[in-house]
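**Student:** From the sequence below, what's the structure:
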Amino acid sequence: MYHQLNRVTGRLIASHLQNPLFPVAPIALQRVDPPAIQYNTNHMSTVTEAAACATGSRRLIPGTNVPYPPVNESIRKQQDLFQRDNDLPVHLKGGPFDGILYRFTMLLCIIGLGGIAHTIYGHAVPKKQ
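**Tutor:** A predicted model of the protein is given here:
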């Protein structure tokens, strides 16, 4: 009689099979030396110097000889806007409309918390009849 794991409970159960489900032949262990550590050096890189020089100042996608695609000018302006050091939190750097959206979101959160408090109070204190 062989045992197997029950798929529902995860416990061992006795099965009425005459043969094991997954027969495993005994194999002698072989001694294997661990692989030598290889550090990332220039001779291991897939990027050739000729390809790096051909791209100029453009960076290459790691592990390839393909340069990153050029960034759109509107995206570049947005990056400059959000990376500027002007002591504003990132959710307000988009301008006055971001401030309006932030305040509206905070108002909705306060209204939601008030609704939760009202519901809990309504369930905790029964109505007088």
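
**Student:** so which helix or strand takes in residue 32?
**Tutor:** Here residue 32, judged by DSSP states H and E, is contained in no helix and no strand.

**Student:** tally of neighbours for it?
**Tutor:** The tally of other residues near residue 32 (other C-beta atoms under 10 Å) stands at 6. Quick note: C-beta positions are derived from backbone N, CA and C, even for glycine.

**Student:** Against residue 81, how distant is residue 74?
**Tutor:** Separation of residue 74 from residue 81 (C-beta to C-beta, to the nearest Å): 11 Å.

**Student:** same thing with residue 129?
**Tutor:** Counting by C-beta to C-beta - residue 129 and residue 81 are separated by 61 Å.

**Student:** what about those two, which has more around it?
**Tutor:** A side-by-side neighbour count of residue 129 and residue 81, using other C-beta under 10 Å, places residue 81 first with 12 against 3.

**Student:** Is that one in a helix, a strand, or coil?
**Tutor:** Following DSSP: H, G, I helix; E, B strand; the rest coil, residue 81 is assigned to helix.
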